[in-house]
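A.B. asks: any chance you could fold what I've pasted below:
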Amino acid sequence: MLEIVIPTRYFIFWYMAVFRIGVEIATICWSANLWDYRWSQVLISQTFPVKA
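C.D. replies: Okay, here's the model as predicted:
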């Protein structure tokens, strides 16, 4: 078995880096989902016109 020894300061640094990257990715995905949702609503309304 290969054990990787990580100093505490590096562990904290990588933990914070991964956390920030995860937050940014989550934010981007959330924004993209809202964007896709809005565009899908537009496409649906144009493809299948609903007579009000």
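A.B. asks: which stretches of the protein form helices?
C.D. replies: 8-47 (DSSP state H).
A.B. asks: so where's it uncertain?
C.D. replies: Residue ranges of the chain with pLDDT under 70: 1-2, 4, 6, 48-52.
A.B. asks: repeat the analysis, applying 90 as the threshold.
C.D. replies: Where the chain drops to pLDDT under 90, the residues are 1-16, 22, 24-52.
A.B. asks: and Arg38, how many neighbours?
C.D. replies: Residues near Arg38, counting by other Cβ atoms under 10 Å, number 10. Quick note: C-beta positions are derived from backbone N, CA and C, even for glycine.
A.B. asks: no no, Pro7
C.D. replies: Residues lying near Pro7 (other Cβ under 10 Å) number 8.
A.B. asks: please report the distance of Ile28 from Arg20.
C.D. replies: Separation of Ile28 from Arg20 (Cβ to Cβ, to the nearest Å) stands at 13 Å.
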